[in-house]
Each structure stands twice: as C-alpha cells, then as structure tokens.
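Peer 1: Provided below are the primary sequence and the corresponding predicted coordinates.
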Amino acid sequence: MQLLNTDNISYLKEVFDFAEKNKLQHPDTFQELPTPIQELLLESAAQADRGELTPHDKVTEEVRKKYNLTK
C-alpha cells in the first residue's frame, strides 16, 4: 500500500499496466490481490478511460520542482 501512496499518475499507470498485463496472462492473479489494491487498479482504469491522465512531461516537471531537481 505504501508504494501506491503517491499522486504520480505516470507511476500509478505503470502499476496498473503491469497488473493488467499479468491479469491477462494469469487471470486468477488479479483476484488474489487484496481488495483495496483491486479497487485502486479498477479506479485507475476508469480514470484512464475517462482521459483523466497527466502527461509524463508535466509529472516530471512537478517532481523536479517538488524535489528541487535539475534536468
């Protein structure tokens, strides 16, 4: 759960994509995940379907500002 405690949409999308890929390869795996994780992944998928995504470059810019990082 701690790994998913983030507002980094790109990271969450990667997690979702990984889970979705594994769900297709191993259909039972998704059902074995804890319910809160399943709910987070399903909500992430719904957000993506609605186009509620943040472009990677914007996320990168926000992280750089937040942590005072240079390119």
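Peer 2: Perfect, I can see it now.
Peer 1: In the protein, spot the helix with the most residues.
Peer 2: The residue-count maximum for a helix in the chain (DSSP state H) belongs to helix 9-25.
Peer 1: Helix or strand: which one has R64?
Peer 2: Taking DSSP states H and E as the criterion, R64 maps to helix 56-66.
Peer 1: Would you mind listing the outside residues contacting that helix?
Peer 2: Contacts to helix 56-66, defined as Cβ atoms under 8 Å, 6 or more residues apart in numbering, come from residues 8-10, 69-71. The C-beta positions use only the backbone N, C-alpha and C, and glycine is treated the same way.
Peer 1: at 6 Å instead, please
Peer 2: Outside helix 56-66, the residues within contact range by Cβ atoms under 6 Å, 6 or more residues apart in numbering are 8-10.
Peer 1: Please spell out the ChimeraX selection for the buried subset of these.
Peer 2: Of the contacts of helix 56-66, the buried ones go into a single ChimeraX selection, burial set by 16 or more other Cβ atoms under 10 Å:
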select :9,10
